[in-house]
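K.L.:
Any chance you could fold what I've pasted below:
(one chain, ligands or ions: 1)
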Amino acid sequence: MRDDASPRVMLITGAGRGIGAATARMAAKRGYAVAVNYRSDRASADGVVGDIEAAGGRAIAIQADVADEAGILSLFETLDHELGRLDVLVNNAGVVDINRRVEDMDVSRVERMMRINVAGPLICAREAIKRMSTRHGGDGGVIINVSSVAARLGGADEYVDYAASKGAIDSLTKGLARELAADGIRVNAVRPGVIRTDIHASADNAGKVDTAGTRIPLGRIGEPEEIADGILWLADAGFCTGSLIDIDGGV
Ligand code: NAP
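P.N.:
As a prediction, this is how the structure comes out:
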């Protein structure tokens, strides 16, 4: 049984930069103690923790690669030890790859994508369920998955593999929402459109943040804080489960 005097705890995977970092900062402002997971960029994760602490909040950085089950187990053990409870899991860590048509994709690319974007969130959800589910003696909680508008649009001529991985996240969200509804856990997803983060540069497509706005009905790309807003809203949306919230400028 958790100590109700202690702050609610949110674990955000891939929170060293981009959407995850914006969510961490916003969650801390709203009173959460935040676990900032990162894979390799310790300085960025420490920077997010430093900003939160400077504003009077509580946060810790935890290294783990969500492509690695042992890493995920160690992430949750550290969380148990350092923060002592879990209320919200945000499955945010994800990768894209350089633009390719499917006939030019090799299996190592597809396996990496599915391991990070699909297996990682599912195994993180498993560990969160063990801690939050009333079926396992927990007090309930929330899982929020970061999908993508690509799940709906398909990613043709860019990255159909990425779109398929996010389609799997939508199915995971729907299925888990129904599986866990009676166990005190709500499961929802946000589906961002193009957002101003470094993910595009990691796919050799840094210019996308300058050009994509013209193809978006609202005439601009989104900011990470606009996705964080949706995530924080879902964390408290008591009658939402299995919801996929598009935050995409109208595409
Ligand atoms: P980003 O700027 O590239 O940041 C990704 C973060 O995830 C980094 O902190 C990175 O950590 C971490 N990460 C990557 N692989 C990881 C792994 N295997 N294990 C743990 N952490 C890992 O990405 P973003 O744009 O904020 O995207 C966040 C999520 O939103 C992703 O799921 C992405 O698919 C989704 N999304 C983004 C957009 C967009 O336009 N930006 C649109 C739709 C959906 P290190 O730096 O330490 O490696």
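
K.L.:
Now do the helices in the chain.
P.N.:
Secondary structure of the chain, counting by DSSP state H: helices at 18-29, 42-54, 69-83, 107-114, 120-132, 150-153, 160-180, 199-202, 208-211, 224-236.

K.L.:
So which other helices or strands are in contact with the fourth one?
P.N.:
To tie it back to what came earlier, the one meant is helix 107-114. If you count contacts as 3 or more Cβ pairs under 8 Å, 6 or more residues apart in numbering; DSSP states H and E, helix 107-114 packs onto helix 160-180. The C-beta positions use only the backbone N, C-alpha and C, and glycine is treated the same way.

K.L.:
Check the average confidence over the helix it packs on, would you?
P.N.:
Confidence for helix 160-180, expressed as mean pLDDT, is 98.

K.L.:
next one: stretch 96-114
P.N.:
97.

K.L.:
How about the contacts made by the most centrally placed residue in the chain?
P.N.:
Nearest to the geometric centre of the chain sits residue 92, at 1.4 Å (Cα atoms, centre = their mean). Each residue near residue 92 by Cβ atoms under 8 Å, 6 or more residues apart in numbering is listed here: 12, 13, 14, 15, 19, 20, 23, 146.

K.L.:
For the ligand, tell me which of the residues you listed show up nearby.
P.N.:
13, 14, 19, 20, 146 (Cβ under 6 Å from any ligand atom).

K.L.:
remind me, longest strand of this structure?
P.N.:
Counting residues, the longest strand in the chain under DSSP state E turns out to be strand 185-192.

K.L.:
Sheet-wise, list the partners of that strand with their directions.
P.N.:
strand 141-146 (parallel), strand 244-247 (parallel) (DSSP bridges).

K.L.:
how far does stretch 74-83 sit from the chain's center?
P.N.:
Distance of stretch 74-83 from the chain centroid (Cα atoms, centre = their mean, to the nearest Å) equals 18 Å.

K.L.:
For the stretch 51-200 of the chain, list the residues in contact with the ligand, please.
P.N.:
Within reach of the ligand by Cβ under 6 Å from any ligand atom, the stretch 51-200 of the chain has these residues: 65-67, 92-95, 116, 146, 148, 192, 194-195, 197-199.

K.L.:
Just give me the neighbour total for residue 78.
P.N.:
Neighbour count of residue 78, defined by other Cβ atoms under 10 Å: 17.

K.L.:
re the thing from before, what mean pLDDT does the longest strand of the chain get?
P.N.:
99.

K.L.:
Counting neighbours, which bits of it end up buried?
P.N.:
Applying a neighbour-count criterion of 16 or more other Cβ atoms under 10 Å, one finds 185, 186, 187, 188, 189, 190, 191, 192 buried in strand 185-192.

K.L.:
The third one contacts residue 169, correct?
P.N.:
No. In this structure, residue 187 is not within contact of residue 169 by Cβ atoms under 8 Å, at 10.7 Å.
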